[in-house]
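Participant: Structure for the following, please:
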Amino acid sequence: MDQEILVLQASPRIEIVFYEHVFKVGKSGAVLIDETEYAQLKSVRFIKGRIPWITGILTAVLDLIIGHGVGHWKRGRGQLELVTNTQTYSIALVNYDRGQTPIAVNMLKEKSQ
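Facilitator: Prediction:
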């Protein structure tokens, strides 16, 4: 069985595991959302967290000085909302990955259509 794993957040680790016909969401080894078929998804939405502009500038400067690059892990909160035929899931993300989170949302949207 082929699978693809996208890590949305490093600590605590939140990941989405994509299989051929189902997906599941895990948090630090525990299961947040059991294996769910893509056909059951009604909507997927990611809400970006907002941070004050001064905090963003300070974070960017510190990241450059320390050598981590500029803001790979976004400071602030984000929220991933998954609505299925039976339930609504809301997953709070604290330091989400700005690269893999949009990819995961797009993959879920594409596979659910």
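Participant: Okay, now the sheet partners of the helix or strand containing I33, with direction.
Facilitator: Secondary structure assigned from DSSP states H and E places I33 in strand 30-37. Applying DSSP bridges, strand 30-37 is found paired with strand 22-27 (antiparallel).
Participant: in the protein, what spans have low per-residue confidence?
Facilitator: 1, 51, 68-76 (pLDDT under 70).
Participant: now the residue located most distally from the centre of the chain: how far from P52?
Facilitator: If you look at how far each residue of the chain sits from its centre, by Cα atoms, centre = their mean, the farthest one is I65, at 27.1 Å. Applying Cβ to Cβ, to the nearest Å, the value for I65 to P52 is 20 Å. In short, each C-beta sits where N, CA and C put it, glycine included.
Participant: Any buried residues in stretch 55-66, and which?
Facilitator: 59, 63 (16 or more other Cβ atoms under 10 Å).
Participant: CA atoms only: put that stretch into PDB for me.
Facilitator: What follows is stretch 55-66, C-alpha atoms only, in PDB (Å, rounded to 0.1, in the frame of the first residue of the first chain):
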ATOM      1  CA  THR A  55       6.400  40.500  15.700                       C
ATOM      2  CA  GLY A  56       6.800  39.300  12.200                       C
ATOM      3  CA  ILE A  57       9.600  41.700  11.500                       C
ATOM      4  CA  LEU A  58      11.400  40.700  14.700                       C
ATOM      5  CA  THR A  59      11.000  37.000  13.900                       C
ATOM      6  CA  ALA A  60      12.400  37.400  10.400                       C
ATOM      7  CA  VAL A  61      15.400  39.400  11.700                       C
ATOM      8  CA  LEU A  62      16.100  36.800  14.400                       C
ATOM      9  CA  ASP A  63      15.800  33.900  12.000                       C
ATOM     10  CA  LEU A  64      18.300  35.600   9.700                       C
ATOM     11  CA  ILE A  65      20.800  36.200  12.500                       C
ATOM     12  CA  ILE A  66      20.400  32.700  13.900                       C
END
